[in-house]
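Chemist: how would this look folded up:
(2 chains)
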Amino acid sequence: GENVEQHPSTLSVQEGDSAVIKCTYSDSASNYFPWYKQELGKGPQLIIDIRSNVGEKKDQRIAVTLNKTAKHFSLHITETQPEDSAVYFCAARTNTNAGGTSYGKLTFGQGTILTVHP
Amino acid sequence: DTGVSQDPRHKITKRGQNVTFRCDPISEHNRLYWYRQTLGQGPEFLTYFQNEAQLEKSRLLSDRFSAERPKGSFSTLEIQRTEQGDSAMYLCASSSFTSGRTDTQYFGPGTRLTVL
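Modeler: The predicted structure follows:
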């Protein structure tokens, strides 16, 4: 099955700096890579995602890059703010066929605790 | 609020008791997933429903666990004879696949289970 490794496990930056979180995956059939932000006591919230036919995607201060050959993808947050402090998870989705349909379960990385100091 | 909702948010139980959690997906979503998240880890897939059909169960889902989605709307996850190792956050996610769009999963707030 799919295996996703995420680094670093903790990341501390000063407000205004950039933060980069990296993930690698093992299954070359994985075709969709979402990033989730999880705050204390809450469920994961989707912040950005990228499909395998795209190399880069940007949404305001957040960007994601994908290197299919190397099987790794990264989250970039620029101009960090204290409210960006949270746990960030990467995930990879591989399609599964069952019951005459195709669906995708997510395999998550171990998470990165991001702390942005004012 | 039209997001995924879960009930209860917290559950404390004694070892050996049965517990049941409920998930209400986003109303037009026909796909529903359950995940389990232990402290300091990412969520792990437990089971998947498409409408009322349970199409996949993870090996993590022992025979003490059962999930249902009787009318293709809300879902329940029951754990029988709870063990301390069952202590975790149980997350529900829903999605709707439309041709040409990615099957984006939206998560609920989770149910935190503590087994004493």
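Chemist: which residues does whichever residue of chain B sits closest to chain A contact?
Modeler: Chain B approaches chain A most closely through B:Gly42 (3.0 Å), counting by CB to the nearest CB. C-beta here means a position set from N, CA and C on the backbone, and glycine is covered the same way. Each residue near B:Gly42 by CB atoms under 8 Å, 6 or more residues apart in numbering or on different chains is listed here: A:4, A:6, A:89, A:91, A:108-111.
Chemist: How many neighbouring residues does the residue nearest to it when sequence neighbours are not counted have?
Modeler: Distance criterion CB to CB, 6 or more residues apart in numbering or on different chains; nearest residue to B:Gly42, sequence neighbours excluded, is A:Phe108 at 3.0 Å. For A:Phe108, the count of nearby residues is 23 (other CB atoms under 10 Å in any protein chain shown).
Chemist: list the contacts for the closest residue to B:Tyr90 other than its chain neighbours?
Modeler: Distances taken as CB to CB, 6+ apart place B:Thr111 nearest to B:Tyr90, at 4.8 Å, with adjacent residues excluded. Shown in contact with B:Thr111 (CB under 8 Å, 6+ apart): B:6-11, B:21, B:89-90.
Chemist: quick revisit: pLDDT score for the residue of chain B closest to chain A?
Modeler: B:Gly42 carries a pLDDT value of 95.
Chemist: What about residue 67, how many residues nearby?
Modeler: In the absence of a named chain, this looks at chain A. 12.
Chemist: wait, chain B
Modeler: Using other CB under 10 Å, B:Ala67 has 21 other residues around it.
Chemist: same deal with A:Gly41?
Modeler: Neighbours of A:Gly41 (other CB under 10 Å): 11.
Chemist: With B:Thr114 instead?
Modeler: Neighbours of B:Thr114 using other CB under 10 Å come to 13.
Chemist: distance of it from B:Arg64?
Modeler: Separation of B:Thr114 from B:Arg64 (CB to CB, to the nearest Å) stands at 17 Å.
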